[in-house]
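J.: pasting the sequence and the predicted model now:
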Amino acid sequence: MRVLILGGNTGFIGSHLSTKLKDPFQCDFVSMRNLSWATDNILADCMINLVGKAHDFTGKATESDFFFANFELAKKAFDLFISSQAKLFIHISSLAAIEEVESAKSLSENASYNSVSPYGRSKQAAEEWLLSQKLPTDKKLIILRPPMVHGAGDKGNLKQLFSIVSKGIPYPLVRFKNKRSFLSIDNFCFYIEQILLQNKKLSSGIYHLSDDETLSSNEIVKIMKQETGLKVPCFPLPKRIISFLSKLGDHTRAFPLNTWRLKKLTSNLVVSNKKIKVALAIERLPKTAKEGLRDTIRALKQQH
């Protein structure tokens, strides 16, 4: 199968896919910034849209920045797919398109949209636009919604938490009890490989990806301490004090915690991966949630 991946192979997910998919498939990575490759005869069986903007820890990105990368370029990518010979278009969306903060129940693919940030709203807009397009009968659209994907090279919230733990800063969030779904990069690549190999089993539509197990923030910190060997003390501050301090972080980057990051670290957000696993007859993912987390922490430790 000839796979055309829109987005560079030097980014976090692209670099891992380029390694994992190079043997079973003929993969080419192309940029959406320079469309000189986009001739009238794009030779590919499948196109995967990895293009997008996610993390912004500088606070400088505007809403238009997110909508250009996550919405406008998604439309352009889909238009290229429609005019190509490719039969399968895989769009990498995000759980943030429907929920970013908290959900009391396991989220299925038919959950209502509840995005709140420019990132989430731009992902939602792309999904809604893609689903509104008329597909030729011989073409298929698969939209994938992963939660936080982590692994070597990740620059997301796990890296931020690791930087706090590795500095020996007392961990103050012990009183918060939560469950969150994550997705290790190895499991993400496994899902993509299986979709490519078994795409005839899938109908066009949305599919959630995640590890099989959830993790709590306390479990994550415990594993970080085990992998680093650091005796980081716990300092269980009352929740109301933590909430007050996080508001201070909204006004200065010198404080490592703000209200948004506090919600990300302490709220419940669980994803159901049942639909994709049943469709592809996946019984077990390559890594458990804890195994994938340990891989990520070891990679972060090497970088530190």
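T.: Sure, I can see it.
J.: going forward, measure contacts and count neighbours with C-alpha atoms only.
T.: OK.
J.: packing partners for the helix or strand containing Ile192?
T.: According to DSSP states H and E, Ile192 maps onto helix 185-197. When contacts are defined as 3 or more CA pairs under 8 Å, 6 or more residues apart in numbering; DSSP states H and E, helix 185-197 sits against helix 12-20, strand 148-150.
J.: could I get the pLDDT score of Cys234?
T.: Cys234 is assigned 85 on the pLDDT scale.
J.: which ones are touching it?
T.: 170-172, 174 (CA atoms under 8 Å, 6 or more residues apart in numbering).
J.: swap in 6 Å and give it another go.
T.: By CA atoms under 6 Å, 6 or more residues apart in numbering, Cys234 lies in contact with 170-171.
J.: before we move on, the earlier item: buried residues, the helix holding Ile192. List them.
T.: Under the neighbour-count criterion of 16 or more other CA atoms under 10 Å, helix 185-197 has 185-193, 195-196 buried.
J.: dump those to JSON lines, plus distance to Gly249 and pLDDT.
T.: Listed next are the buried residues of helix 185-197 as JSON lines, based on distance: CA to CA, whole Å; pLDDT from 0 to 100:
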{"residue": "Ile185", "distance to Gly249": "30", "pLDDT": "98"}
{"residue": "Asp186", "distance to Gly249": "33", "pLDDT": "98"}
{"residue": "Asn187", "distance to Gly249": "34", "pLDDT": "98"}
{"residue": "Phe188", "distance to Gly249": "32", "pLDDT": "98"}
{"residue": "Cys189", "distance to Gly249": "35", "pLDDT": "98"}
{"residue": "Phe190", "distance to Gly249": "38", "pLDDT": "98"}
{"residue": "Tyr191", "distance to Gly249": "37", "pLDDT": "98"}
{"residue": "Ile192", "distance to Gly249": "38", "pLDDT": "98"}
{"residue": "Glu193", "distance to Gly249": "41", "pLDDT": "98"}
{"residue": "Ile195", "distance to Gly249": "41", "pLDDT": "98"}
{"residue": "Leu196", "distance to Gly249": "43", "pLDDT": "98"}
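J.: determine the angle, from 0 to 180 degrees, between the helix holding Ile192 and helix 12-20.
T.: 60 degrees (axes from the mean of the first three to the mean of the last three CA atoms, to 10 degrees).
J.: packing partners for whichever helix or strand comes after helix 185-197?
T.: Next helix or strand after helix 185-197 toward the C-terminus (DSSP H and E): strand 205-208. Where contact means 3 or more CA pairs under 6 Å, 6 or more residues apart in numbering; DSSP states H and E, strand 205-208 is packed against strand 140-145.
J.: rewinding a little: of the helices and strands packed on helix 185-197, which stretch is the most buried?
T.: Counting by mean count of other CA atoms under 10 Å, strand 148-150 has the highest mean neighbour count of the helices and strands packed on helix 185-197, with a mean of 22.
J.: show residues contacting that one.
T.: With CA under 6 Å, 6+ apart, strand 148-150 has contacts from 182-185.
J.: now, which of those sits nearest Met32?
T.: Met32 lies nearest to Ile185 out of the contacts of strand 148-150, by CA to CA, at 22.9 Å.
J.: for the closest one, give me its contacts.
T.: Counting by CA under 6 Å, 6+ apart, the residues that Ile185 touches are 150-151.
J.: lovely, talk soon.
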